[in-house]
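Student: Predicted model and sequence follow; I will ask about them next.
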Amino acid sequence: MNAFRLLGAASALSLCLASALVSAEVIVGGSAMLAQRNIVENAVNSTDHTTLVAAVKAAGLVSTLEGAGPFTVFAPVNAAFTALPAGTVESLLKPENKTALTNILTYHVVAGRYTTADLDKLIRKGNGSAELKTVSGGELTFMKNGPHNILVKDETGATADITIYDVMQSNGVIYSIDRVLMPR
């Protein structure tokens, strides 16, 4: 009799855990990021990415990031933009600087869908680092900082920590990062 009770409790626990895993969602900037939405549909709901969204709109990249992709986006949070020298964001958002803004933003995008497992595999294969070509034509370097943290190094040598991993989208994946990456 006790064995049946124990088996029933174990089955109920397994069902609860499976249900929790299926309904798990990633919260970014106070909002649920839903896998059935595209990159733009999710990003506009994140209060942590309002500067990035404004920049994407100013650069005219909304339709591209709503496209089929897939894309992997390394999305700087608002604080990353605030850390830039005074006036940088305001200057980049001006129509006459659209080309420079577009170059910086597309430097944060890699064609394809790269999950954390994919990045880990590439880093191991590269003996501690991996390089990926960005949509702008530049390169980003990925390396581990501890057993679970991945750093992204830009062409200037500056590094960003990935703060939120594997935010799956219908047309790719987003990672939140703590620094604006800069091409050469």
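Tutor: Perfect, I can see it now.
Student: elements contacting the longest strand anywhere in the chain?
Tutor: Looking across the chain with DSSP state E, the single longest strand is strand 159-169. Identification of packing neighbours for strand 159-169 by 3 or more CB pairs under 8 Å, 6 or more residues apart in numbering; DSSP states H and E yields strand 26-28, strand 31-33, helix 39-43, strand 71-76, strand 150-153, strand 172-177. Quick note: C-beta positions are derived from backbone N, CA and C, even for glycine.
Student: OK, contacts around T102?
Tutor: Residues near T102 by CB atoms under 8 Å, 6 or more residues apart in numbering: 59-61, 136.
Student: and it, which of the three is it?
Tutor: Assigned with DSSP: H, G, I helix; E, B strand; the rest coil, T102 falls in the helix class.
Student: Next one: it relative to S136, how far apart?
Tutor: The gap separating T102 from S136 is 8 Å, by CB to CB, to the nearest Å.
Student: and which of the contacts of T102 is nearest S46?
Tutor: S46 lies nearest to L61 out of those, by CB to CB, at 16.3 Å.
Student: what's the residue nearest to the closest one when sequence neighbours are not counted sitting at in phi/psi?
Tutor: Nearest non-adjacent residue to L61, counting by CB to CB, 6 or more residues apart in numbering: L105, 6.0 Å away. Main-chain torsions, L105, degrees, to the nearest 10: phi -70, psi -40.
Student: Compare the mean pLDDT across the helices and strands packed on strand 159-169 and name the weakest.
Tutor: Comparing mean pLDDT over those, the weakest stretch is strand 31-33, at a mean of 70.
Student: do you know how far the closest residue to S170 other than its chain neighbours is from T82?
Tutor: Leaving aside its sequence neighbours, S170 sits nearest to N38 (CB to CB, 6+ apart; 5.1 Å). According to CB to CB, N38 and T82 sit 27 Å apart.
Student: the more surrounded of these two?
Tutor: N38 (18 against 13; other CB atoms under 10 Å).
Student: can you tell me which residues contact that one?
Tutor: 65-66, 69, 169-171 are the contacts of N38 under CB under 8 Å, 6+ apart.
Student: and what of G60?
Tutor: For G60, the contact set (CB under 8 Å, 6+ apart) comprises 98, 102.
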